[in-house]
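In: Dropping a prediction and its sequence here:
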Amino acid sequence: MHQIKIKIKRDGIALPKYETNNASGMDLQADLSSEIILRPGERALIPTGIHIELPEGLEAQVRARSGLAIKHGIGLINGIGTIDSDYRGEIKVPIINWGNEDFTIQNGDRIAQLVICKYERINWIPVEDLSETKRGTGGFGHTGK
Ligand SMILES: O=c1ccn([C@H]2C[C@H](O)[C@@H](COP(=O)(O)OP(=O)(O)OP(=O)(O)O)O2)c(=O)[nH]1
Ligand SMILES: [Mg+2]
């Protein structure tokens with residue numbers, strides 16, 4: 001288990017936690033002074049009140065919660081949010097209401113989840129030719145349905 005530093009903006013903000021024994025994600029709670037109502041099609045950047053310090057080699061991914069997606073059409077505008085290991089700002093969640101009803105977010109609501117992952121950094125080697133493979137340049141449905 002990695003020990004990761006976390007700074008919370010003010011008293012009363014709970015640390016994100018795993019909800020079950022082997023959950024990969026920790027839910028992120030909205031840190032709001034007043035509720036936000038998202039009309040259908042509206043988006044908002046929701047603060048969480050937390051800042052983290054990841055070591056080189058670990059990133060955090062902000063992912064949607066499937067229950068909110070299925071029940072209310074709530075998703076992340078950016079697909080999966082990337083929290084770089086050198087980011088020290090507040091983690092924020094860019095959410096959108098894809099549903100057809102208003103969605104209300106209150107302080108403390110669990111709006112997304114945070115997954116800590118390993119990442120690799122690379123150097124490019126520019127070349128003229130790449131190795132041959134059976135797939136070659138085929139893609140995007142090339143192997144059939
Ligand atoms: O869902 C997200 C995505 C990003 N971030 C923060 C952490 C991340 O390290 C930083 C930059 O994110 P990203 O690289 O995805 O955005 P950008 O538009 O490329 O901004 P920048 O030019 O600052 O890299 O914003 C969040 O708080 N939530
Ligand atoms: Mg960037």
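Out: Cool, got the structure. Numbers count the residues shown, from 1 in each chain. Ligands and ions are numbered 1, 2, ... in the order given.

In: how about Glu101, what does it touch?
Out: 40, 72 (Cβ atoms under 8 Å, 6 or more residues apart in numbering). C-beta coordinates here come from the backbone N, C-alpha and C atoms, glycine included.

In: Three-state assignment for it, please.
Out: coil (DSSP: H, G, I helix; E, B strand; the rest coil).

In: tell me which residues of the strand or helix carrying Leu114 are tucked away?
Out: In the assignment (DSSP states H and E), Leu114 maps to strand 110-118. Within strand 110-118, the residues that count as buried by 16 or more other Cβ atoms under 10 Å are 111-114, 116.

In: ok, so of those, who is nearest ligand 1?
Out: Ala112 (8.1 Å; Cβ to the nearest ligand atom).

In: Could you measure from that closest one over to Ala30?
Out: 9 Å (Cβ to Cβ, to the nearest Å).

In: Find residues that contact each of these two.
Out: Jointly contacting Ala112 and Ala30 under the rule Cβ under 8 Å, 6+ apart are Val93.

In: For the protein, list the residues in contact with ligand 1, please.
Out: Proximity of the chain to ligand 1 (Cβ under 6 Å from any ligand atom) is limited to residues 62, 78, 81-84, 87, 91-94.

In: In three-state terms, label the residue nearest to the spatial centre of the chain for me.
Out: In the chain, the centroid-proximal residue (Cα atoms, centre = their mean) is Val62; its distance is 1.0 Å. Counting by three-state DSSP, the backbone at Val62 sits in strand.

In: Contacts only, for the residue in the chain that ligand 1 sits nearest to.
Out: The chain approaches ligand 1 most closely through Gly81 (2.1 Å), counting by Cβ to the nearest ligand atom. Shown in contact with Gly81 (Cβ under 8 Å, 6+ apart): 61-63, 93-94, 112.

In: partners of it in the sheet?
Out: Counting by DSSP bridges, Gly81 forms beta bridges with Val62.

In: what does Val93 give?
Out: Going by DSSP bridges, Val93 forms beta bridges with Ile46.

In: so it makes contact with Leu76?
Out: Yes - using Cβ atoms under 8 Å, Val93 makes contact with Leu76 at a distance of 6.9 Å.
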